[in-house]
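**Q** 3D, please:
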Amino acid sequence: MTVAPGTQIPPASFKYIPHSKDSESIQACGIPISLNAHEEWKGKRVVVISVPGAFTPTCHANHLPPFVAKASEIHDKGADVIAFLSSNDPFVLSAWAKSAGVKDNSIIFISDGNAEWSKQLGLDVDLTSKGMGMRSSRYALIIDDLKLSYVAQEEPGKLQVSSADAILANL
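**A** As a prediction, this is how the structure comes out:
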């Protein structure tokens, strides 16, 4: 069952590599740190964009670039945090951020290892037939003080309700 607006998000501890001038090169590896969602997101408005995989065609070419281009606009409309979530490991997500030109922490890239959090939300997808295993599906959340105010999961092959424009329209 998929969660609905008004629901409190389940507890989560994500791994991510924050942007650092010391590790700006795509060949440099930062050190993953933990992000406790209930501690870090309490009292904040958070946009979570979930993708099945970094560097995959739709995610890399169509989903992420508009968020990079419109990050300031999304923050100006009230988002304290923009988090791209995937079941990829934090090293892959860090490389993806660098390859997309993200040079600060205006967008963070968090790892939902084994799609565990997405599964709790009812928003995981089984891509084992494509050799990708269990993944987070393509979805968007707007979280206000740990409660969901917007939940939208894409139909397979679509990119509409989790787009940057959809988020801007719902902030």
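
**Q** distance of Pro10 from His63?
**A** Going from Pro10 to His63 by CB to CB, to the nearest Å gives 24 Å. The C-beta positions use only the backbone N, C-alpha and C, and glycine is treated the same way.

**Q** who are the contact partners of Ala54?
**A** Residues near Ala54 by CB atoms under 8 Å, 6 or more residues apart in numbering: His60, Ser86, Asn88, Val92, Leu93, Ala95, Trp96, Phe109.

**Q** out of those, which one has the lowest pLDDT?
**A** Lowest pLDDT among the contacts of Ala54: His60, with 74.

**Q** sorry, back to before: more neighbours: which of Pro10 and His63?
**A** Using other CB atoms under 10 Å as the criterion, Pro10 and His63 rank with His63 on top: 23 against 14.

**Q** surely the more buried one and Asp165 touch.
**A** No. Using CB atoms under 8 Å, His63 makes no contact with Asp165, being 11.7 Å away.

**Q** common neighbours of those two, please.
**A** If you check His63 and Asp165 against CB under 8 Å, 6+ apart, no residue is contacted by both.

**Q** let me know the helix or strand that the residue nearest the centre of the chain is in.
**A** A centroid search over the chain (CA atoms, centre = their mean) returns Phe84, at 2.1 Å, as the residue closest to the centre. Using DSSP states H and E, Phe84 sits within strand 81-86.
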